[in-house]
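Student: here is my input; please provide its structure:
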Amino acid sequence: MPGVPLIARIPSLAHPPRTPGTMDQSHGCARDVQPAVDRALEKFSVADAYLVTVLNWSQASGIDLSEWPDVLAYFKRIVQRPSVARALAEERALYAEEMERRKAA
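Tutor: Presented below is the predicted three-dimensional model:
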């Protein structure tokens, strides 16, 4: 489905289960990311692009990044990059269009 964001095509990503077990797993993964963020280089890389994608999922999955202040600060900083902000805005617009299309169907 060209033009449809991945998160809209995979229901488990768009609406992840929120059980205590999955939340514990998510928190464990976030803790594992902290050292990598601490060692992050100043230069934006493909790893940053992927990490911002995964961290962005925290909003939909109910994970509060404030438990990891360095990760949250990194996320806030990286989403302000013009290219990242533009990509996220495009993704949100495509997602909203897909949700409207589903409502109409």
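Student: quick one: the helices in this protein?
Tutor: Along the chain, the stretches classed as helices by DSSP state H are 6-9, 11-14, 20-38, 46-61, 69-78, 82-104.
Student: below-threshold pLDDT in the chain: ranges please.
Tutor: 1-34, 37-42 (pLDDT under 70).
Student: count of neighbours near residue 102?
Tutor: Residue 102 is flanked by 9 other residues according to other Cβ atoms under 10 Å. Yep, even glycine has a C-beta here, placed from its N, CA and C like the rest.
Student: so what's it up against?
Tutor: The contact partners of residue 102, taken as Cβ atoms under 8 Å, 6 or more residues apart in numbering, number zero.
Student: what do you get for residue 81?
Tutor: For residue 81, the contact set (Cβ under 8 Å, 6+ apart) comprises residue 44.
Student: state the distance from it to residue 44.
Tutor: 7 Å (Cβ to Cβ, to the nearest Å).
Student: can you count the residues close to residue 54?
Tutor: 12.
Student: no no, residue 71
Tutor: A count of nearby residues for residue 71, using other Cβ under 10 Å, gives 21.
Student: I'd say it and residue 65 touch.
Tutor: Yes. Contact criterion Cβ atoms under 8 Å: residue 71 and residue 65 qualify, at 5.6 Å.
Student: okay, how far is it across stretch 73-91, tip to tip?
Tutor: 22 Å (Cα to Cα, to the nearest Å).
Student: so which bits of stretch 81-99 are buried?
Tutor: For stretch 81-99, burial by neighbour count (16 or more other Cβ atoms under 10 Å) applies to 84, 87, 91, 94-95, 98.
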